[in-house]
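S.K.: Compute the structure for the input listed below.
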Amino acid sequence: MRVVFFIISILAQVPLLAVSDYVVVVSKNSTVEALDSDMVRDVFLKKRNFDGHTRLLPINLIGEKPVRQEFESSVLKMNREAIKRYWVVNHFQGVSPPPTQASLQSVKSFVEKVKGAIGYLPREMVDDSLRIIYEF
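M.R.: Coordinates of the predicted model:
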């Protein structure tokens, strides 16, 4: 019986594999297979426009929704004020922020229908029309 309690106590200390709540997605028809965190960051900060021969069009969720806040914090590694400053500086260099969509469903539809579109969604919204290329 002691052995069982010992094993249970050891297993209780081992963290479970974490599954990301949010993902970066492209259309299932996209040639983009996967991007790492730096590549995703560069796409959404418009420092990178292509993956191979595929022109990438990042799409943001409008406002302060939790998925956007998590994306900015985890992937862009910037808070809202830093992002605003970044786009003010880049505006004067002719670079504008990614377009926005008003809802998660509209982000999903945009990514499904617009060639090269890349967006982020809660994992539970992903179906067979999309391909996950990064998790956060």
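S.K.: what about the nearest residue to Ile59 once chain neighbours are set aside, which SS state?
M.R.: Leaving aside its chain neighbours, Ile59 sits nearest to Gly119 (4.4 Å; criterion: C-beta to C-beta, 6 or more residues apart in numbering). For glycine as for every other residue, the C-beta is placed from the backbone atoms N, C-alpha and C. Secondary structure of Gly119, reduced to three states by DSSP: H, G, I helix; E, B strand; the rest coil: strand.
S.K.: thinking Gly119 is in contact with Val25, fair?
M.R.: Yes - Gly119 lies in contact with Val25 (C-beta atoms under 8 Å); the separation is 6.0 Å.
S.K.: Which residues are in contact with each of these two?
M.R.: Common contact partners of Gly119 and Val25 (C-beta atoms under 8 Å, 6 or more residues apart in numbering): Lys108, Val111.
S.K.: May I have the secondary structure class of the residue nearest in space to the middle of the chain?
M.R.: In the chain, the C-alpha nearest the mean C-alpha coordinate belongs to Val24, at 3.5 Å (C-alpha atoms, centre = their mean). Under three-state DSSP, Val24 falls in the strand class.
S.K.: That one against Asp36, yeah?
M.R.: No - applying C-beta under 8 Å, one finds Val24 not in contact with Asp36, separated by 10.6 Å.
S.K.: overlap in contacts of these two?
M.R.: Common neighbours of Val24 and Asp36, counting by C-beta under 8 Å, 6+ apart, are Tyr134.
S.K.: Appreciated, that's everything.
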